[in-house]
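# Show me how the following folds:
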Amino acid sequence: MTRTSLKKKFFSCCVLIFLLFAIICVWKEKKKGNFYELLKLQNKEFQLLQGLEKLAMISSSQPVSSSSTHHPQRSNQALGGPKAKLESTFQVWDKDSSSKNLIPRLQTIRKNYLSMNKYKVTYKGPGPGVKFSAEALLCHLRDHVNISMIETTDFPFNTSDWEGYLSQDDIRTKAGPWGRCAVVSSAGSLKSSRLGREIDDHDAVLRFNGAPTVKFQQDVGTKTTIRLVNSQWYRNPDYNFFNNFKSYRKLHPDQPFYILKPQMPWELWDIIQEISSEQIQPNPPSSGMLGIIIMMSLCDQVDIYEFLPSKRKTDVCYYYQKYFDSACTMGAYHPLLFEKNMVKHLNLGTDEDIYLLGKATLPGFRTIRCGA
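Down below sits the predicted model:
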């Protein structure tokens, strides 16, 4: 017993000394403002914690090794204790999250949207709760979500009022194909991320609405290849979108500018509802989810930043505004919680990337191989 106690004390001292060293180093690196060195240190810290976990397993299992065959449950608890503690400090988005994870206020809002059903949505597909492998779901998305833009022959844009305002080209003739692309959310957790250089290193970068880069370059980068703007409803639009669209096109006639066909969001909504185990809000998917799908059609690989929240998770909605609302992460109007479940299910990256960077990685549709 004395030997075991001494080993535990020795291990505790090692952990305390290591954590103190790590805190001092992190403070120094933050002071320098060197993100890449800090990231290396965090990765080393994660690896060292794994090493300490193994040390803890050895220390705790040695004294009981002779009786482990008689007390397997005790031995498993000794082995599982440090591992459970490590995992609790490394939590990422759970792909099986449900409305039970919402705070009471957001649960009430979700129920109100379900009963309101503003857009008279009816779901007639299979499910809910259909199980797809990640590979099968990617093929399902590729084959059933039509990424297309409004054309001059589409009603009600096929009139003289719209002549000259809509692009004559398909978006794919102006955009892509690209290799590595970034989708940069506007999440408040991007603040102080120091991801700017990594984001700008992509072949193309998609941003949303009026999210700025000036004064935030260190965290979000400077490159903007595509900007996705909200509001596409021709009758009773949320904003004065179409007049603004025409004014902008007069000022920038040579800039490629497209309007997404309204069928596409609902095709995507159908799939999110199909794979979700409960009813989702009968409202369009978020612009974040739409942007992800668009870039998957144009790129071989899509890195998505802070759509799945990192360790910097916050109730601050936008990195450029001080506006607080947990709905910006968990969803209220949009079925955001269920969108995040889908992205986590499709993620090719590691939980470490999500935790440290808020980065999920999805393959482009051109790279996947689907059966007949």
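
# pLDDT at the residue most central in space within the chain, what is it?
What sits nearest the mean C-alpha location of the chain, by Cα atoms, centre = their mean, is residue 307, with 2.5 Å. As predicted, residue 307 sits at a pLDDT of 97.

# what does the one 5 residues further on give?
Looking at residue 312, its pLDDT reads 95.

# So residue 264: helix, strand or coil?
helix (DSSP: H, G, I helix; E, B strand; the rest coil).

# Count the residues that sit near it.
The number of residues packed near residue 264 is 20, by other Cβ atoms under 10 Å. Any C-beta I mention is one placed from the backbone N, CA and C, and that applies to glycine too.

# Isn't it up against residue 144?
No - using Cβ atoms under 8 Å, residue 264 makes no contact with residue 144, being 10.5 Å away.

# Point me to the helix or strand that includes residue 250.
helix 241-251 (DSSP states H and E).

# Check residue 113 too.
helix 104-116.

# tell me how far that helix is from the chain's mean position?
23 Å (Cα atoms, centre = their mean, to the nearest Å).

# So what touches that helix?
For helix 104-116, the surrounding residues in contact (Cβ atoms under 8 Å, 6 or more residues apart in numbering) are 99, 102, 279, 281, 282, 283, 326, 327, 330, 331, 332, 333.

# now do 7 Å
99, 102, 279, 281, 282, 283, 326, 327, 330, 332, 333 (Cβ atoms under 7 Å, 6 or more residues apart in numbering).

# Among those, which ones are in strands?
Applying DSSP state E to the contacts of helix 104-116, no entry is found in strands.

# Now the helix holding residue 113: buried residues?
106, 109, 110, 113, 114 (16 or more other Cβ atoms under 10 Å).

# Mind exporting the C-alpha coordinates of that helix to PDB?
Taking Å, rounded to 0.1, in the frame of the first residue of the first chain, the C-alpha atoms of helix 104-116 are listed here in PDB:
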ATOM      1  CA  PRO A 104     -35.400  25.100 -22.400                       C
ATOM      2  CA  ARG A 105     -35.700  28.400 -24.300                       C
ATOM      3  CA  LEU A 106     -34.500  26.900 -27.500                       C
ATOM      4  CA  GLN A 107     -36.600  23.800 -27.100                       C
ATOM      5  CA  THR A 108     -39.700  26.000 -26.800                       C
ATOM      6  CA  ILE A 109     -38.700  28.000 -29.900                       C
ATOM      7  CA  ARG A 110     -38.100  24.800 -31.900                       C
ATOM      8  CA  LYS A 111     -41.600  23.500 -30.900                       C
ATOM      9  CA  ASN A 112     -43.100  26.800 -31.900                       C
ATOM     10  CA  TYR A 113     -41.500  26.600 -35.400                       C
ATOM     11  CA  LEU A 114     -42.800  23.100 -35.800                       C
ATOM     12  CA  SER A 115     -46.300  24.000 -35.000                       C
ATOM     13  CA  MET A 116     -46.200  27.300 -37.000                       C
END
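
# Following that helix in sequence, what is the next regular element?
helix 134-144.

# buried sites along that following helix?
137, 138, 139, 140, 141, 142.

# Output those residues in CSV; the columns should cover pLDDT and distance to residue 121.
Shown next, in CSV, are the buried residues of helix 134-144 (pLDDT from 0 to 100; distance: Cβ to Cβ, whole Å):
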residue, pLDDT, distance to residue 121
137, 98, 21
138, 98, 24
139, 97, 25
140, 97, 20
141, 98, 19
142, 97, 23
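
# Rebuild these as TSV, extending it with distance to residue 183.
TSV is the format used below for these (distance: Cβ to Cβ, whole Å):
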residue	distance to residue 183
137	18
138	16
139	21
140	20
141	15
142	17
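
# Among the residues you listed, which one lies nearest to residue 167?
residue 142 (23.7 Å; Cβ to Cβ).

# Does that closest one touch residue 365 like I think?
Yes - under the criterion of Cβ atoms under 7 Å, residue 142 is in contact with residue 365, at a separation of 4.3 Å.

# which residues sit against stretch 91-100?
107, 110, 277-278, 308-309, 337, 340-341, 344-345, 351, 354-355.

# May I have that stretch exported as CSV, CA atoms only?
Listed next in CSV are the C-alpha coordinates belonging to stretch 91-100 (Å, rounded to 0.1, in the frame of the first residue of the first chain):
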residue,chain,number,x,y,z
GLN,A,91,-15.2,17.0,-25.9
VAL,A,92,-16.3,17.7,-29.4
TRP,A,93,-19.7,17.8,-31.1
ASP,A,94,-21.7,14.5,-30.8
LYS,A,95,-23.1,13.4,-34.1
ASP,A,96,-26.1,12.0,-32.2
SER,A,97,-27.1,15.3,-30.5
SER,A,98,-30.8,15.8,-30.2
SER,A,99,-33.2,18.5,-29.2
LYS,A,100,-32.7,17.3,-25.6
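
# quick one: buried residues of it?
Buried residues in stretch 91-100 (16+ other Cβ under 10 Å): 92, 93, 99.

# What average pLDDT does that stretch get?
94.

# go on, stretch 250-264?
90.

# start to end distance for that stretch?
End-to-end distance for stretch 250-264, by Cα to Cα, to the nearest Å: 27 Å.

# Any buried residues in that stretch, and which?
So for stretch 250-264, counting by 16+ other Cβ under 10 Å, buried means 257, 258, 259, 260, 261, 264.
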